[in-house]
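1. pasting the sequence and the predicted coordinates here, then a few questions.
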Amino acid sequence: MLLHLHAKPNARRSQLLPGPDGRWLVRLAAPPQDGQANAELLAFLAGVFGVPKRDVQLLSGHTAPFKKVEISGLSDEAGTAILARYCA
């Protein structure tokens, strides 16, 4: 499954929200220094989707707010069902 995200670091807690432009907004409870926000992003998404951290990979956007993340070991249907919970 491939996700296009808009990441915002320095939040009180990490959360995933549907964005108005079709991208998902992910607020991260980590600063954007020394890769801390990216590490929090991968760990948070692993928890949301119930996969090991090794199955979540940041493909692009290492230093940008717009990120492309791949979650392996998860079908598109299962991932879409999990994301649908966040829209309700």
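-> Yes, it's here.
2. where does this structure have low pLDDT?
-> Across the chain, residues meeting the criterion (pLDDT under 70) sit at 88.
3. run the last query once more with 90
-> Where the chain drops to pLDDT under 90, the residues are 19-23, 73-76, 85-88.
4. center of it - which residue?
-> Leu45 (4.8 Å; Cα atoms, centre = their mean).
5. now the helices for this structure?
-> In the chain, the helices defined using DSSP state H lie at 36-49, 76-87.
6. deepest of those, which one?
-> Mean neighbour count (mean count of other Cβ atoms under 10 Å) peaks for helix 36-49 among these, with a mean of 18. (Each C-beta comes from the backbone N, C-alpha and C, glycine too.)
7. output the contacting helices and strands for that helix.
-> Counting contacts by 3 or more Cβ pairs under 8 Å, 6 or more residues apart in numbering; DSSP states H and E, helix 36-49 packs against strand 2-8, strand 15-18, strand 24-27, strand 56-60, strand 66-71, helix 76-87.
8. hang on, the earlier thing: OK, contacts around the residue nearest to the centre of the chain?
-> Taking Cβ atoms under 8 Å, 6 or more residues apart in numbering as the criterion, Leu45 is in contact with Leu3, Leu16, Val26, Val56, Val69, Ile71.
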